[in-house]
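Peer 1: Below are the sequence and a predicted model for it; my questions follow.
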Protein chains: 2
Amino acid sequence: MDILNNLESKNISKGIILLHQGENCSVAYKVLKGCLRSYVIDKSGKEHILQFAPEGWFISDMDSFFNNKPSNTFIDTIEDSKVLLITKQELGSFEKLDKETLIEQNERLFRNLISTNKRLINLLSSTAEERYIDFIETYPTLLHRLPLKLIASYLGMTPEYLSEVRRKLAKK
Amino acid sequence: MDILNNLESKNISKGIILLHQGENCSVAYKVLKGCLRSYVIDKSGKEHILQFAPEGWFISDMDSFFNNKPSNTFIDTIEDSKVLLITKQELGSFEKLDKETLIEQNERLFRNLISTNKRLINLLSSTAEERYIDFIETYPTLLHRLPLKLIASYLGMTPEYLSEVRRKLAKK
DNA sequence: GATAAAAATTAAGGTATCTTAAGAAATTAC
DNA sequence: GTAATTTCTTAAGATACCTTAATTTTTATC
């Protein structure tokens, strides 16, 4: 995807909100350094993390980006980060993409879908403890890099309960 | 996607398992009549439904189909159904697809991803009652067509609890 | 290196949802 | 149209997970 070669990179310090819920998302980010996340805030004010994007990952509100709708999600930096910005003009519509780019896009969507589905199965069928163990095995480096309260949010439990889960596991 | 025009259709009566967990999935189904579902069975023997596929929908274990792996899911008919079978030979690899088909595939993956993400957010941030209400609004026809115990499974709750949720809603 | 801020833990009490089991209602089969 | 099967509901007791709030530990700031 040689589009990416021409883009400028941007440094963003930790804690900056790049996209607000309700805004139209006009950019996708490719993370070169650091880590971003996307999340929603529910009616009772609680945050729920949809995705972590460390080095090499893309992050965006795809529905908002491609379909020009107000986004459901927030995106912010959870570490000092360096990102590439991909705007809609640069990416263009599906129709304008060349075949190679379409295939890459296809594969990316595909991998994303498989992992989202795996996470869905996890939420439907596993306990908090099982989900935590699975996270450790799937993202061992993130575990030591991110605050546990963010991991708890990603896993769909409170930090207090994750703490209890970890204590029980340590005893074993 | 003119591939589909040449395929033969097949009638399958209710309750037939078309794909077992662990098998390699060599076919994708397009549903012409009736309804299929995909589901997993967890360690404790409970079923969790990932997808309903009524008329017009595609269903398959994509990870197994495209990556030639044992499937994580079961697929079966939940009504007497008529389906088109799409085999790997017919679809071919990504590389061999023409541009138009790639774009369609892209859009399908894309829509799928957006709805899977919506469901994920729902599971992370909504109560059982909220999820049920959302289901009614999103799939009003399925509600009257499918047994409630299947809907409960899709929504991530027990049929007994769904029953309680419905009773409480009826009182309002 | 002291102070402030953020993250993690602990514990008590509460609530949403599950489990089990039984009965009622609806559907299917003969 | 009766029996058999499946689905749906009800209710009591159990449990996973949450809430709140206080304490400890770690990290960031000057």
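Peer 2: Great, that's in hand.
Peer 1: Please enumerate residues in contact with stretch A:126-143?
Peer 2: Under the criterion Cβ atoms under 8 Å, 6 or more residues apart in numbering or on different chains, residues A:52, A:54, A:122-123, A:151, A:154-157, A:161-162, A:165-166, A:168-169, B:42 lie in contact with stretch A:126-143. The way it works is simple: take the backbone N, C-alpha and C, and place the C-beta from them, glycine included.
Peer 1: quick one: contacts for A:Lys33?
Peer 2: A:Glu55, A:Asp80, A:Ser81, A:Lys82.
Peer 1: which of these has the most neighbours?
Peer 2: A:Ser81 (24 neighbours; other Cβ atoms under 10 Å in any protein chain shown).
Peer 1: can you list the residues of chain A near chain B?
Peer 2: For chain A, the residues in contact with chain B (Cβ under 8 Å from any Cβ of the partner chain) are A:40, A:42, A:46, A:48, A:50, A:62-63, A:66, A:72, A:94-95, A:99, A:102-103, A:105-107, A:109-110, A:112-114, A:116-117, A:119-121, A:123-126, A:156.
Peer 1: Which entries within the residues you listed meet the buried criterion?
Peer 2: Neighbour-count burial (16 or more other Cβ atoms under 10 Å in any protein chain shown) applied to the residues of chain A next to chain B gives A:40, A:48, A:50, A:62-63, A:66, A:72, A:94, A:102-103, A:105-106, A:109-110, A:112-114, A:116-117, A:119-121, A:123-126, A:156.
Peer 1: residue closest to the middle of chain A?
Peer 2: Most central in chain A under Cα atoms, centre = their mean is A:Gln51, positioned 2.4 Å from the mean C-alpha point.
Peer 1: Spatially nearest residue to that one (excluding sequence neighbours)?
Peer 2: Leaving aside its sequence neighbours, A:Gln51 sits nearest to A:Ser38 (Cβ to Cβ, 6 or more residues apart in numbering or on different chains; 4.8 Å).
Peer 1: my read: the one you found touches A:Asp61, true?
Peer 2: Yes - using Cβ atoms under 8 Å, A:Ser38 is in contact with A:Asp61, at 6.8 Å.
Peer 1: So what touches the helix or strand bottoming out on mean pLDDT in chain A?
Peer 2: When each helix and strand of chain A is scored by mean pLDDT, DSSP states H and E, helix A:88-91 comes last, with a mean of 76. With contacts defined as Cβ under 8 Å, 6+ apart, helix A:88-91 is touched by A:Ile3, A:Leu7, A:Ser26, A:Val27, A:Ala28, A:Phe65, A:Leu97.
Peer 1: and the helix or strand containing the fifth one, which strands flank it?
Peer 2: Following DSSP states H and E, the helix or strand that holds A:Ala28 is strand A:27-33. Strand A:27-33 has these partner strands in its sheet, going by DSSP bridges: strand A:58-59 (antiparallel), strand A:81-87 (antiparallel).
Peer 1: Flag every buried residue along the last one.
Peer 2: Under the neighbour-count criterion of 16+ other Cβ under 10 Å, strand A:81-87 has A:Ser81, A:Val83, A:Leu84, A:Ile86 buried.
Peer 1: Among those residues, which one lies nearest to chain B?
Peer 2: Of all these, chain B sits closest to A:Ile86, with 16.1 Å by Cβ to the nearest Cβ.
Peer 1: Please work out the average pLDDT along stretch A:104-111.
Peer 2: Stretch A:104-111 shows an average pLDDT of 90 in the prediction.
Peer 1: what does chain A put close to DNA strand C?
Peer 2: Within chain A, the positions near DNA strand C by Cβ under 7 Å from any atom of the strand are A:Pro147, A:Leu148, A:Lys149, A:Leu150, A:Pro159, A:Glu160, A:Leu162, A:Ser163, A:Glu164, A:Arg166, A:Arg167.
Peer 1: just to revisit the earlier point, pull out the buried residues from the contacts of stretch A:126-143.
Peer 2: Buried by 16+ other Cβ under 10 Å: A:Phe52, A:Pro54, A:Asn122, A:Leu123, A:Ile151, A:Tyr154, A:Leu155, A:Gly156, A:Met157, A:Leu162, A:Val165, out of the contacts of stretch A:126-143.
Peer 1: Would you reformat those as JSON lines and include distance to DNA strand D and pLDDT?
Peer 2: Below are the buried ones among the contacts of stretch A:126-143 laid out as JSON lines (distance: Cβ to the nearest atom of the strand, whole Å; pLDDT from 0 to 100):
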{"residue": "A:Phe52", "distance to DNA strand D": "17", "pLDDT": "96"}
{"residue": "A:Pro54", "distance to DNA strand D": "16", "pLDDT": "96"}
{"residue": "A:Asn122", "distance to DNA strand D": "11", "pLDDT": "95"}
{"residue": "A:Leu123", "distance to DNA strand D": "10", "pLDDT": "96"}
{"residue": "A:Ile151", "distance to DNA strand D": "13", "pLDDT": "98"}
{"residue": "A:Tyr154", "distance to DNA strand D": "12", "pLDDT": "98"}
{"residue": "A:Leu155", "distance to DNA strand D": "9", "pLDDT": "98"}
{"residue": "A:Gly156", "distance to DNA strand D": "6", "pLDDT": "97"}
{"residue": "A:Met157", "distance to DNA strand D": "4", "pLDDT": "97"}
{"residue": "A:Leu162", "distance to DNA strand D": "7", "pLDDT": "98"}
{"residue": "A:Val165", "distance to DNA strand D": "7", "pLDDT": "98"}
